[in-house]
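Student: Based on what follows, work out the 3D shape:
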Amino acid sequence: MPGKDNVQPGLHVMTPDGLPAASGDYPVVWWDPRALKLGAAPITGIPRQDLIEDPGPEVLAADHRAYTSWLRAKDEAIVHGTRPSFAVQTVTEWAQRMGQDDEPPVPEVSVVDAASGVPRPAGPRFGTLVHAILATVALDAERGAVADVAAMQGRILGAPHDEIAAAETLVQAALVHPLLARAREAWRSGRCRRESPVTVVEPNGSMLEGVLDLAFEDDDGWTVVDFKTQVELTGPLARYRRQVAAYAAVVARVTGRPARAVLMLL
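Tutor: Have a look, this model is predicted:
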């Protein structure tokens, strides 16, 4: 009990001897042992013993069912996630997989040789160079402009001088061909497309995509042109016929106008 020889529980403000009040005050708390929970058992052993105690068979069975359900849902999610939403193939891949006896898409394909007898280097880089020039040069470009584009594309591809000169000759031959003369007229009236990506959904749900080299429209409908150099013709010609025919079929489907397919050899 409080008395002269002990201190009453609570917060007390102490003043050091020899100092004026409030100049060196500091707080001190005396705790009341009657407010403490005395006689409590000490916490020893494994912490949270209740977590490893057997909760009973019903709880274990429910947890096992929940885990089994989660495991099944996880497996289904993995299977669903690995299944592609779209089956996409390029027109080139589609044409390569088509067999010789498969029904080709309409329309029929015309093959024109725009540079017969012109000497040319071999190798895939040369074909890429010719395509790059045809994709970027103006359809009404003069010889000097064609030479400038050929030189620029040749530097990009690291082509030697003989390849650049041969590619320039082939492109010049293509530009003076009557077919490209028609494309030039369509281009001047805003009815020509070059290097245009196309995508179509097939009846089986797959997607077919590719890039048109050249397509132009006139009074008779659309003409779709696919350029192929001799060095690119590494397989049967029928494969490249199917490829440009597929492009023309897509154009005819989306525009509602007839489309003619032309394979131009360079």
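
Student: Tell me how many other residues surround residue 83.
Tutor: Neighbour count for residue 83, taken as other CB atoms under 10 Å: 7. All C-beta spots, glycine's among them, are computed from the backbone N, C-alpha and C.

Student: and if you look at the one 10 residues further on?
Tutor: Using other CB under 10 Å as the criterion, residue 93 is surrounded by 14 other residues.

Student: ok, it to residue 243 distance?
Tutor: 10 Å (CB to CB, to the nearest Å).

Student: same thing with residue 207?
Tutor: In this view, residue 207 and residue 243 are 16 Å apart by CB to CB.

Student: do the same with residue 16
Tutor: Taking CB to CB, one finds residue 16 at 100 Å from residue 243.

Student: okay, the two: which has more neighbours?
Tutor: When residue 16 and residue 243 are compared for neighbours, residue 243 comes out ahead with 24 against 10, by other CB under 10 Å.

Student: Got the confidence number for that one?
Tutor: Residue 243 carries a pLDDT value of 82.

Student: Please save the CA atoms from stretch 200-211 in PDB.
Tutor: Extracted C-alpha coordinates of stretch 200-211, given in PDB (Å, rounded to 0.1, in the frame of the first residue of the first chain):
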ATOM      1  CA  VAL A 200      -8.000 -12.700 -94.300                       C
ATOM      2  CA  VAL A 201      -9.900 -15.200 -92.200                       C
ATOM      3  CA  GLU A 202     -10.300 -18.500 -93.900                       C
ATOM      4  CA  PRO A 203     -13.500 -20.600 -93.600                       C
ATOM      5  CA  ASN A 204     -11.800 -22.900 -91.100                       C
ATOM      6  CA  GLY A 205     -11.100 -19.900 -88.800                       C
ATOM      7  CA  SER A 206      -7.400 -19.700 -89.600                       C
ATOM      8  CA  MET A 207      -5.800 -16.400 -90.600                       C
ATOM      9  CA  LEU A 208      -3.900 -15.900 -93.800                       C
ATOM     10  CA  GLU A 209      -1.600 -12.900 -94.100                       C
ATOM     11  CA  GLY A 210       1.000 -11.500 -96.500                       C
ATOM     12  CA  VAL A 211       2.200  -8.400 -98.300                       C
END
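
Student: what about the residue nearest to residue 208 when sequence neighbours are not counted, which SS state?
Tutor: With CB to CB, 6 or more residues apart in numbering as the criterion, residue 208 has its nearest non-adjacent residue at 5.2 Å, and that residue is residue 200. Classification of residue 200 by DSSP: H, G, I helix; E, B strand; the rest coil places it in strand.

Student: check contacts around residue 200.
Tutor: Applying CB atoms under 8 Å, 6 or more residues apart in numbering, we find residue 200 in contact with 207-209, 250, 253-254.

Student: Quick check on those residues: which are buried?
Tutor: Neighbour-count burial (16 or more other CB atoms under 10 Å) applied to the contacts of residue 200 gives 208, 250.

Student: what's the closest of the contacts of residue 200 to residue 183?
Tutor: residue 250 (18.4 Å; CB to CB).

Student: Could you look up the next helix or strand downstream of the one helix or strand the closest one maps to?
Tutor: Per DSSP states H and E: residue 250 is located in helix 237-255. Per DSSP H and E, the first helix or strand lying C-terminal to helix 237-255 is strand 259-265.

Student: From the contact counts, what lies against that next one?
Tutor: When contacts are defined as 3 or more CB pairs under 8 Å, 6 or more residues apart in numbering; DSSP states H and E, strand 259-265 sits against strand 109-113, strand 221-228, helix 237-255.

Student: Pull the distance from the second one to the chain's centre.
Tutor: Remark: strand 221-228 is offset 27 Å from the chain centroid, using CA atoms, centre = their mean, to the nearest Å.

Student: in that strand, what's buried?
Tutor: For strand 221-228, the neighbour count (16+ other CB under 10 Å) marks 221-228 as buried.

Student: just the longest one next, same as before
Tutor: Across helix 237-255, burial judged by 16+ other CB under 10 Å covers 239-252.

Student: what does the first one give?
Tutor: By 16+ other CB under 10 Å, the buried positions in strand 109-113 come out as residue 109.
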